[in-house]
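Q: The amino acid sequence is not available; the structure is as follows:
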């Protein structure tokens, strides 16, 4: 069973500036994507970035990302329940 | 023999020494359909551009046959369009002498995995006439590029090698080589796809490291240089140990060894390794 990481985009508004979760993850599971689709290398407004669990098979459910998020935007689920 | 050399070397010692492989047509009719890129889909961020949600779903269901099929398709797609080969610093410097223009830009992998700002992230080298597009259409190419003289490019690559980053040559529409990447695990998506999923978007180079056990003094300063999990430390012998089947032949351990105990040997000189890419 793979963990699931959900990020509340209403609470996570500028991940490119914050990036606390990206840097704390011990196995580099999280990645940055955008909400605006393909833009090649074009400039994308900062509020259009989003964080997502990418390499979920490396997630140990340590919850460091949940704890470090200043806005409480991240939730990790494992085996069907929210990990606490 | 390296399958790319077989197809594309055309008499040169290696395929990446053949100047024709740097001469992709600059102009083409722009495709109308949506293009995909690393920043396009969240799932594609951080080096998942080759494998999407279906792969993780198959993983959950332990559907190994489906996973294997997706991996093979991803590898074939990457070999046809955008893949890399590990090169030694020496070969990288030779390539820099062959090709012009050369420019440096932000690394998309580390931008998507770490959100690194450009001032810490100009580690990707682009080569060839395609670089003029960045100059001509700055709105399309965020962050821009900085053109380099060959001497500046060599200096940068040498410093990045010293820092511990692996030099790799990447194709943009195989066999056209357009980039010298300077990669490390776990943030380079090619190394990660290759090591973690067995999708060889980065193939091994033309060399293999060999440790002289007489010369090795067990200082272990080479161990942390390996980005490919090929180097370890033998506790019983108190010497460095290299798994030559896992070695990508980048030479980072060689340049760090104070005893000159590690050398690079030609992959082709070892019959059982000659076709291990």
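A: Looks like it arrived, so ask away. Here the structure is a predicted model, which means the values were calculated and not measured.
Q: from the chain's centre, how far out does the one helix or strand in chain A whose mean pLDDT sits lowest sit?
A: Across the helices and strands of chain A, mean confidence by mean pLDDT, DSSP states H and E is lowest for strand A:30-34: a mean of 88. In terms of Cα atoms, centre = their mean, to the nearest Å, the centre of strand A:30-34 is found 7 Å from the chain centre.
Q: For it, name the packing helices and strands.
A: Applying 3 or more Cβ pairs under 8 Å, 6 or more residues apart in numbering or on different chains; DSSP states H and E, one finds that strand A:30-34 makes contact with helix A:20-24, strand A:49-53, helix B:108-114. Every residue, glycine included, has its C-beta placed from N, CA and C.
Q: who does that strand pair up with?
A: Here strand A:30-34 is paired, per DSSP bridges, with strand A:49-53 (antiparallel).
Q: now the strand it pairs with: mean pLDDT?
A: Mean pLDDT, strand A:49-53: 91.
Q: and what of stretch B:110-122?
A: 91.
Q: Can you name the residues that contact residue 73?
A: Answering for chain A, as no chain was given. Counting by Cβ atoms under 8 Å, 6 or more residues apart in numbering or on different chains, residue A:73 touches A:7-12.
Q: Find the nearest non-adjacent residue to residue 11, please.
A: I'll assume chain A. Of all residues not flanking residue A:11 in the chain, residue A:73 sits nearest, at 3.6 Å (Cβ to Cβ, 6 or more residues apart in numbering or on different chains).
Q: not what I meant, chain B
A: Once flanking residues are discounted, residue B:11 sits nearest to residue B:18: 7.8 Å by Cβ to Cβ, 6+ apart.
Q: how close does that neighbour get to chain A?
A: Using Cβ to the nearest Cβ, to the nearest Å, residue B:18 is found at 28 Å from chain A.
Q: Count residues in the vicinity of that residue, would you?
A: Residue B:18: 20 surrounding residues under other Cβ atoms under 10 Å in any protein chain shown.
Q: Give me the neighbour count for residue B:270.
A: By other Cβ under 10 Å, 13 other residues sit near residue B:270.
Q: how much space between the closest residue to it other than its chain neighbours and residue B:9?
A: Distance criterion Cβ to Cβ, 6+ apart; nearest residue to residue B:270, sequence neighbours excluded, is residue B:208 at 6.5 Å. Distance, residue B:208 to residue B:9, by Cβ to Cβ, to the nearest Å: 20 Å.
Q: who touches the residue nearest to residue B:11 in this structure?
A: Contacts for residue B:18 (Cβ under 8 Å, 6+ apart) come out as B:8-12.
Q: make it 6 Å
A: Residues near residue B:18 by Cβ atoms under 6 Å, 6 or more residues apart in numbering or on different chains: B:9-10, B:12.
Q: Neighbour-wise, which one of these leads?
A: Sorting those by how many neighbours each has (other Cβ under 10 Å) puts residue B:9 first, at 19 neighbours.
Q: Quick check: residues of chain A near chain B?
A: Selection of chain A residues close to chain B by Cβ under 6 Å from any Cβ of the partner chain yields A:2, A:16, A:19, A:22, A:28, A:31-34, A:37-38, A:40-43, A:50, A:52, A:54, A:56.
Q: Tell me the buried residues within these.
A: Buried residues within these, counting neighbours by 16 or more other Cβ atoms under 10 Å in any protein chain shown: A:16, A:19, A:22, A:28, A:31-34, A:38, A:41, A:50, A:52, A:54, A:56.
Q: Kindly reformat those residues as JSON lines containing distance to residue B:61.
A: Compiled in JSON lines, those are given as follows (distance: Cβ to Cβ, whole Å):
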{"residue": "A:16", "distance to residue B:61": "34"}
{"residue": "A:19", "distance to residue B:61": "33"}
{"residue": "A:22", "distance to residue B:61": "29"}
{"residue": "A:28", "distance to residue B:61": "25"}
{"residue": "A:31", "distance to residue B:61": "23"}
{"residue": "A:32", "distance to residue B:61": "28"}
{"residue": "A:33", "distance to residue B:61": "24"}
{"residue": "A:34", "distance to residue B:61": "29"}
{"residue": "A:38", "distance to residue B:61": "29"}
{"residue": "A:41", "distance to residue B:61": "36"}
{"residue": "A:50", "distance to residue B:61": "27"}
{"residue": "A:52", "distance to residue B:61": "21"}
{"residue": "A:54", "distance to residue B:61": "19"}
{"residue": "A:56", "distance to residue B:61": "14"}
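Q: Looking at the spatially most distant residue from the centre of chain B now. What's its pLDDT?
A: Distance from the centre of chain B peaks at residue B:236, with 33.4 Å (Cα atoms, centre = their mean). In this prediction, residue B:236 carries a pLDDT score of 96.
Q: Could you verify that it is part of a helix?
A: No. If the criterion is DSSP: H, G, I helix; E, B strand; the rest coil, then residue B:236 is coil and not within a helix.
Q: Now do it against residue B:223, distance only.
A: From residue B:236 across to residue B:223, the span is 16 Å (Cβ to Cβ).
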